[in-house]
Every structure is written in structure tokens, then in C-alpha cells.
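1. okay, here's the prediction I keep looking at, along with the sequence it came from:
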Amino acid sequence: MGRFDKFKIDLRGLKQSAFKVEYDLDNKFFEDIDGQEFQKGTVKAVVEVACRRDVYDLTITTAGTVVVQCDRCLDELPIEVEATNNMKVKLGETYADEGDVVVIPENEGEINLAWHLYEFIALALPTKRVHAPGKCNAEMSGKLQKYTRRDPDEEEFTEERATDPRWDGLKNLQIEEDN
């Protein structure tokens, strides 16, 4: 039995038109999936499958906590995630991901949701991942303060930009306008 076999759903073998399964995703799952965004967490996933003629509608609800790297200090940062995603699956000749519809080979008739679960959780993460003010690693924050310049009008850090000395002479040129 493979690492992700428990995430397979045999669509052809469904006896009823509606089916529900729950998964508890833990650190082992995230380590095994080996994704780029995060490798720790505790998330509960509920998958509801509804069969409508030749299309299977999957509603995937995820809720829990994942541990990501803080964008500012690089320490671990737990983030609450909660999302509901919909996915359509059809049976066809070969595997294809057509954006809003996933086609799986009819001779296999099953879909493995492990990677889809990981992606839906990753999509639920905020773009900016930083600790609350004052909660970042003090040593790293000190180094960040040392090598960045704070603009008095802004609350965010701005990187100091060095100018190319070859262009400095152009600052003194003035363009005369024809009147």
C-alpha cells in the first residue's frame, strides 16, 4: 500500500449518488507530499462527492493550522486556514487537467486527492505571511533593521537602493523647453 492510497476515491465503484469522506492531515502527510509552501500542520479535510450523470462534483472543505516560514524573520509561523473548494471530475480516455475539470482514465476510474488537498490548503494561505508586530525573531529583526532603511512616512521597511554612479551626472542636466 502506497503512502497516499487512502486518498484514492473509486468513482466508478460508488454505490450511491452522494458520498462523504473525512481525512485528518498531519505532519506526516505534509512531509510525505513534500510541497514547497509548508511541511507541517494539522488540517481536517472533508470531501463530499455528488454524481450527476457523467460528472462528479467534489466539494472539499479544509480547516486547521499549517506552519509556514515568516517572510520577515524566517521563523516558523502557524497560520489558520479554512476554505471550501469545488472540483469537477469526468471519466475519459487519458488523464487531463482542463482547469475547472479533471479528466481521469475510465479504465482506472479513481482519483487520488492527496495533491489536490495540499494545493487547496496552499491556496488558502495569505500572500503576506509575517508575525504580528513585535513577535518576529529579535535577532533577525535586528539584522533586518541594520540593513534596511525606514521611510519615515511608511510603516513598512523599504530596501535602500543604490544609484549607479554613471547616471548621477544626469540629475544635474536640465532640459530647455522651446517657447
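-> Looks like it arrived, so ask away.
2. and the strands in the chain, which stretches?
-> Assignment of strands within the chain using DSSP state E yields the ranges 8-10, 18-25, 40-52, 55-69, 76-92, 96-97, 101-105, 110-112, 149-150, 157-158.
3. now the residue nearest the centre of the chain: closest residue in space that isn't a chain neighbour?
-> By Cα atoms, centre = their mean, the chain has its centre lying nearest to Ala122, at 1.9 Å. What sits nearest to Ala122 in space, not counting adjacent residues and going by Cβ to Cβ, 6 or more residues apart in numbering, is Glu37, at 4.5 Å. For glycine as for every other residue, the C-beta is placed from the backbone atoms N, C-alpha and C.
4. how about Val46: what's its closest non-neighbour residue?
-> Leaving out its chain neighbours, the residue that sits closest to Val46 by Cβ to Cβ, 6+ apart is Thr61, at 4.6 Å.
5. Ala96 and Lys90 touch, don't they?
-> No. Judged on Cβ atoms under 8 Å, Ala96 makes no contact with Lys90 at a distance of 9.1 Å.
6. shared neighbours of those two, anything?
-> Jointly contacting Ala96 and Lys90 under the rule Cβ atoms under 8 Å, 6 or more residues apart in numbering are Val102, Val103.
7. so what's Tyr95 up against?
-> Applying Cβ under 8 Å, 6+ apart, we find Tyr95 in contact with Val103, Ile104, Pro105.
8. can I have the buried ones of these as a PyMOL selection?
-> Buried residues among the contacts of Tyr95 (16 or more other Cβ atoms under 10 Å), as a PyMOL selection:
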select buried, resi 103+104
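9. which one of the contacts of Tyr95 sits closest to Ala114?
-> Checking those against Ala114 with Cβ to Cβ, the nearest one is Ile104 at 14.1 Å.
10. what pLDDT does the closest residue to the closest one other than its chain neighbours get?
-> Spatial nearest neighbour of Ile104, excluding adjacent residues (Cβ to Cβ, 6+ apart): Ile111 at 5.3 Å. Listed pLDDT for Ile111 reads 91.
11. alright, calling it a day.
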